[in-house]
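Chemist: Model the structure of this input:
(one chain, ligands or ions: 1)
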Amino acid sequence: MYADSTKSLHYVGRFAPSPSGPLHLGSLVAALASWLDARAQGGRWLLRIEDVDRPRTVPGAAQTIMDQLRAMGLHWDGDILWQSQRDAIYQQAFDGLTARGLTYGCGCTRREIADSALRGNGPALDGEHPYPGTCRHGLPAGRQARAWRLRVPEGTETFVDRWLGPQQQDVAQAVGDFVLRRADGLWAYQLAVVVDDAQQGITDIVRGADLLSSTARQRILARLLGAEPPRVMHVPLITDPDSGLKLSKQNGAAPLDATQPLAMLTQAWNALGFSPCAASTPASFLTQATAQWARRFALN
Ligand code: GLU
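Modeler: Numbering: from 1, shown residues only. As a prediction, the model looks like this:
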């Protein structure tokens, strides 16, 4: 309907919301960009509910998100993947890494890591201090493993972001050995997202720029798990005009108004910097936007 699938290259995209509340305009920007990219390339677009973080999951939020996507005309392909049903799969991936000596138990508390940061192990990234490697060569006497970390290889990870251009990060230095299994026993976002992207055969990730700083970590982990890291595109975040902060569920962004899909889609489209589409229905908007997107972001 949106692209000639006989001409399509192999493309599998996904939208992966955490059900910690309803979608807001910032999340619609990411959903729309990811949907348009998949449709423009004649690809598939999957929906994954990232409910691995049980304490942050809000009952009913996943259903609201599905209803909101349908109301916007952003239909997904195939079955929904629920991370909360995949503990055994994450365990298997983790066990494989552990058998190769690539993980280790860590007894440090957040406070200890922050304190060692004060002694000079680098600035915080996304509010987290780089892990100084305290437990890398074994737990200090009398300590129990709380979390499990990946032994991050040395070196700089480079990649090209389709929106932002060339990127690089020295993960060992900027982040350190990162957590795969959290102190509360839950699987970390980084592990779950990489295992799922690999198993679902995701070729392309389009998401908000707040996750740019996770990409190098995810590429390293993907390769260690024997997967090809997906191409990435990180689209702009929307900031609240009053506070200047990123729109987020945590700071109370207004839910999408499902009764005004065309207005919502138009706002998200404008936020991506495109010129207006002269559409009177969501369906005609999506057809025009897909054509504009295909011209700007062709993959060959
Ligand atoms: N679940 C993440 C979020 O809602 C997105 C993960 C991703 O796109 O990689 O922020």
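Chemist: does Pro22 really touch Ala61, like I thought?
Modeler: Yes. Under the criterion of Cβ atoms under 8 Å, Pro22 makes contact with Ala61 at 6.5 Å. All C-beta spots, glycine's among them, are computed from the backbone N, C-alpha and C.
Chemist: can you map out the strands along the chain?
Modeler: 12-15, 44-49, 81-82, 103-106, 147-150, 156-161, 165-170, 179-181, 204-208, 231-235 (DSSP state E).
Chemist: Is any residue of the shortest one near the ligand?
Modeler: So the one you mean is strand 81-82. No. Shown here: strand 81-82 not in contact with the ligand (Cβ under 6 Å from any ligand atom), separated by at least 11.9 Å.
Chemist: Rounded mean pLDDT for that strand, please.
Modeler: For strand 81-82, mean pLDDT rounds to 98.
Chemist: go on, the fourth one?
Modeler: The predicted model assigns strand 103-106 a mean pLDDT of 98.
Chemist: which strands and helices sit next to it?
Modeler: strand 147-150 (3 or more Cβ pairs under 8 Å, 6 or more residues apart in numbering; DSSP states H and E).
Chemist: Who does the strand it packs on pair with, and is each partner parallel or antiparallel?
Modeler: strand 103-106 (antiparallel), strand 179-181 (antiparallel) (DSSP bridges).
Chemist: Okay, Ala88 and the ligand: tell me how far apart.
Modeler: 20 Å (Cβ to the nearest ligand atom, to the nearest Å).
Chemist: need the residues of the stretch 1-150 of the chain near the ligand, please.
Modeler: So the stretch 1-150 of the chain meets the ligand at 16-18, 50 (Cβ under 6 Å from any ligand atom).
Chemist: what's the closest of the strands paired with strand 147-150 to Ala93?
Modeler: strand 179-181 (8.7 Å; Cβ to Cβ).
Chemist: who's in contact with the closest one?
Modeler: Defining contact as Cβ atoms under 8 Å, 6 or more residues apart in numbering, one finds that strand 179-181 is touched by 94, 97, 103, 106, 147-150, 187-188, 190-191.
Chemist: now these as JSON lines including distance to Ala254 and neighbour count?
Modeler: Formatted as JSON lines, the contacts of strand 179-181 follow (distance: Cβ to Cβ, whole Å; neighbours: other Cβ atoms under 10 Å):
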{"residue": "Phe94", "distance to Ala254": "38", "neighbour count": "21"}
{"residue": "Leu97", "distance to Ala254": "41", "neighbour count": "18"}
{"residue": "Thr103", "distance to Ala254": "41", "neighbour count": "21"}
{"residue": "Cys106", "distance to Ala254": "39", "neighbour count": "23"}
{"residue": "Ala147", "distance to Ala254": "35", "neighbour count": "22"}
{"residue": "Trp148", "distance to Ala254": "38", "neighbour count": "21"}
{"residue": "Arg149", "distance to Ala254": "38", "neighbour count": "23"}
{"residue": "Leu150", "distance to Ala254": "38", "neighbour count": "25"}
{"residue": "Trp187", "distance to Ala254": "31", "neighbour count": "24"}
{"residue": "Ala188", "distance to Ala254": "30", "neighbour count": "21"}
{"residue": "Gln190", "distance to Ala254": "30", "neighbour count": "18"}
{"residue": "Leu191", "distance to Ala254": "32", "neighbour count": "26"}
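Chemist: List just the nearest of those residues to the ligand.
Modeler: Checking the contacts of strand 179-181 against the ligand by Cβ to the nearest ligand atom gives Gln190 as the nearest, at 9.4 Å.
Chemist: Isn't the closest one up against Thr215?
Modeler: No. Counting by Cβ under 8 Å, Thr215 is not a contact partner of Gln190; they are 10.5 Å apart.
Chemist: who touches the residue nearest to Gly26 when sequence neighbours are not counted in this structure?
Modeler: Spatial nearest neighbour of Gly26, chain neighbours left out: Leu247 (3.7 Å); criterion: Cβ to Cβ, 6 or more residues apart in numbering. Going by Cβ under 8 Å, 6+ apart, Leu247 touches 24-26, 237-240, 253.
Chemist: Farthest-apart pair in the residues of the stretch 1-150 of the chain next to the ligand, please.
Modeler: The widest separation within these (Cβ to Cβ) is 7.9 Å, between Ala16 and Ser18.
Chemist: Looking at the stretch 51-200 of the chain, which residue is nearest the ligand?
Modeler: Val193 (4.9 Å).
Chemist: Report how many residues lie close to that residue.
Modeler: 26 (other Cβ atoms under 10 Å).
Chemist: cool, Thr98 as well?
Modeler: Neighbours of Thr98 using other Cβ under 10 Å come to 15.
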